[in-house]
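A.B. asks: based on what follows, work out the 3D shape:
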Amino acid sequence: MTPNRFDISPPVNHSPNVWALLPLAVFLLTYLVVSLVAGDFYKMPITVAFVVSSVVAVAISKGGKVSNRVEQFCRGAANSNIMLMVLIFILAGAFAQTAKTMGAVDATVNLTLSVLPAHFLVPGIFLAACFISVSVGTSVGTIVALAPVAVGIAARAGIADALMLGVVVSGAMFGDNLSFISDTTIVATRTQGCRMSDKFKVNVRIALPVAVLTVAAYYLAGSGTGVAGAPEVIEWAKVAPYLVVLVTAVCGMNVLLVLLAGILLSGLTGLITGSFDFWEWNAAMGLGIGNMGELIIVTLLAGGMLEMIRYNGGIDWIVLKLTSRIHSPKGAEASIAGLVSFANLCTANNTIALIMSGSIAKEIAGKFGVDPRKSASLLDIFSCVVQGIIPYGAQLLMAAGLGGVSPIGIMQYLYYPYLLGAGALLAILFNYPRKYQTSYKR
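C.D. replies: Have a look, this model is predicted:
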């Protein structure tokens, strides 16, 4: 889920082509495999991996002259969806650093530590992220609000930063999948022709047990942690910026306006409390924006590379292969899950992946008797599963940028997306929930 609506890219210009997926394979080999072999995920900068894969994408494209291919790449990088992400990253960086310099993070950490028992900090942050993301309907907004606080708590409680960031991302994807105001919910239900409430009834039967298991898993992961010293006196004035950000986001305000309000309120609070002067406020904003530089570069390169894959027929090839050997409702459900997962892998945006695969999934569901409530639920679930675990997706990049860790380092702690994917596969295998395997009046 991303925080606003998105433009639909123009139709693919070429026939299905497996070689169009080569840039994605090059990225995975360059970044993941090399990092694993080296045993250090900082050895291979993610920006370098994307530069290499982007060069390959332009080199193998069918777009004619090099200048034409580069132009096609630039159209993908400058897509309105990508540029919106860049704006969010810029404002998020300015807000995060301003709030940190003003003391909002420390104040909010003290408040959290005074409310939650030490042994329940990790699952408590997960539940908070779940509540906020369901209310807000955007995983990115949830991560922006909670990631700095989670890192601050991790430092005080002796918990790994990557674990706490994984907790935040996990909770954010819970709401991304279930919220009634989430883009993924809206697109999934509209493309499948069912009501959001009906899709929710199917979805929650799969997601809620997984969330309970996740709470237990995070409780065990956080056992043995403790807070160094008693919580300090809570400075409520410095907590206010985060509270305003959370409340305005829950009320449905545009995420850009939420971040602008957070920047202004943090700055004014810092000036009033004497935490910094006007020029130090400006320096904090500049530092925060600068810290997002790598994240912005990765986002632009990923947008261009993935556009080349789409343009040259990579996604169409995946669709062709997934739909060629379906013989049963279970096979149809598995194909729908695979379809949206691969589309998400290639677009790094679950809303766009749903838009691209929704109509095809509806045809598959209708042909093999899959209840549209179930197909909408599977589309939404697997789009969120993949979006929540890919290291080049906005969610992990944002969390990594705000926490100062590697996206790969966070991946090992994404308990909820992994368990949700496993739970959804079991739901396909055992026709769960059986109540929604019957015919449905559209």
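A.B. asks: the stretch 301-442 of the chain: strands as residue ranges?
C.D. replies: With DSSP state E, counting those that start in this stretch as the definition, the stretch 301-442 of the chain shows no strands.
A.B. asks: quick one: low-confidence ranges for it?
C.D. replies: For the stretch 301-442 of the chain, the stretches with pLDDT under 70 are 347, 356, 436-442.
A.B. asks: now the helices: where do they sit in it?
C.D. replies: Applying DSSP state H, counting those that start in this stretch to the stretch 301-442 of the chain gives helices spanning 314-322, 329-347, 350-368, 372-389, 394-403, 407-411, 415-429.
A.B. asks: and the residue lying closest to Leu397 once chain neighbours are set aside, what element?
C.D. replies: Leaving aside its chain neighbours, Leu397 sits nearest to Leu295 (5.2 Å; criterion: CB to CB, 6 or more residues apart in numbering). All C-beta atoms are positioned from the backbone trio N, CA, C, and that covers glycine. According to DSSP states H and E, Leu295 maps onto helix 293-311.
A.B. asks: which elements pack onto that helix?
C.D. replies: If contacts are counted by 3 or more CB pairs under 8 Å, 6 or more residues apart in numbering; DSSP states H and E, helix 293-311 sits against helix 22-27, helix 46-60, helix 66-77, helix 80-102, helix 329-347, helix 394-403.
A.B. asks: now render the helices of the stretch 301-442 of the chain as CSV, adding mean neighbour count.
C.D. replies: Formatted as CSV, the helices of the stretch 301-442 of the chain follow (neighbours: other CB atoms under 10 Å):
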stretch, mean neighbour count
helix 314-322, 20
helix 329-347, 24
helix 350-368, 22
helix 372-389, 29
helix 394-403, 27
helix 407-411, 23
helix 415-429, 20
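A.B. asks: now those as CSV including distance to Leu265?
C.D. replies: Converted to CSV, these look like this (distance: least, CB to CB, whole Å):
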stretch, distance to Leu265
helix 314-322, 42
helix 329-347, 35
helix 350-368, 29
helix 372-389, 30
helix 394-403, 18
helix 407-411, 29
helix 415-429, 31
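A.B. asks: between these, which gets nearest to Asp183?
C.D. replies: Nearest of the helices of the stretch 301-442 of the chain to Asp183, taken as CB to CB: helix 350-368 at 4.4 Å.
A.B. asks: tell me the angle the longest helix along the chain makes with helix 415-429.
C.D. replies: When the chain is parsed with DSSP state H, its longest helix is helix 196-221. Inter-element angle recorded for helix 196-221 and helix 415-429: 130 degrees (by axes from the mean of the first three to the mean of the last three CA atoms, to 10 degrees).
A.B. asks: give the buried residues for helix 196-221.
C.D. replies: 196, 198-200, 202-203, 205-207, 210-211, 213-215, 217-219, 221 (16 or more other CB atoms under 10 Å).
A.B. asks: how far off helix 80-102 does the helix or strand following it point, in degrees?
C.D. replies: Downstream of helix 196-221, the next assigned helix or strand under DSSP H and E is helix 236-250. Going by the same axes, to 10 degrees, helix 236-250 is angled at 160 degrees with respect to helix 80-102.
A.B. asks: quick one: buried residues of the helix or strand that helix 236-250 is followed by?
C.D. replies: Once the chain leaves helix 236-250, the next helix or strand it forms, by DSSP H and E, is helix 255-273. Across helix 255-273, burial judged by 16+ other CB under 10 Å covers Val255, Leu256, Val258, Leu259, Ala261, Gly262, Ile263, Leu265, Ser266, Gly267, Thr269, Gly270.
A.B. asks: show the pLDDT at the fifth one.
C.D. replies: On the pLDDT scale, Ala261 is placed at 88.
A.B. asks: which one of the buried residues of helix 255-273 is nearest Ala107?
C.D. replies: Thr269 (9.9 Å).
A.B. asks: I'd say that closest one and Thr101 touch.
C.D. replies: No. Thr269 is beyond contact range of Thr101, at 10.9 Å (criterion: CB atoms under 8 Å).
A.B. asks: spit out the residues that contact these two alike.
C.D. replies: Taking CB atoms under 8 Å, 6 or more residues apart in numbering as the contact rule, Thr269 and Thr101 both touch Ser275.
A.B. asks: how far away is Ala211 from Arg205?
C.D. replies: For Ala211, the distance to Arg205 (CB to CB, to the nearest Å) stands at 12 Å.
A.B. asks: again, but for Asn431
C.D. replies: Distance from Asn431 to Arg205, by CB to CB: 12 Å.
A.B. asks: residues in contact with the residue nearest the centre of the chain?
C.D. replies: Nearest to the geometric centre of the chain sits Gln395, at 3.2 Å (CA atoms, centre = their mean). Counting by CB under 8 Å, 6+ apart, Gln395 makes contact with Ser139, Val140, Ile143, Val169, Ala172, Met173, Gln387, Gly388.
A.B. asks: these two touch, right, the fourth one and Pro391?
C.D. replies: In this case it means Val169. No. Counting by CB under 8 Å, Val169 sits too far from Pro391 to count as a contact (11.3 Å).
A.B. asks: ok, those two, which is more surrounded?
C.D. replies: Legend: neighbour count by other CB atoms under 10 Å for Val169 and Pro391, higher for Val169 (35 against 23).
A.B. asks: just the pLDDT for that one.
C.D. replies: Val169 is assigned a pLDDT of 96 by the prediction.
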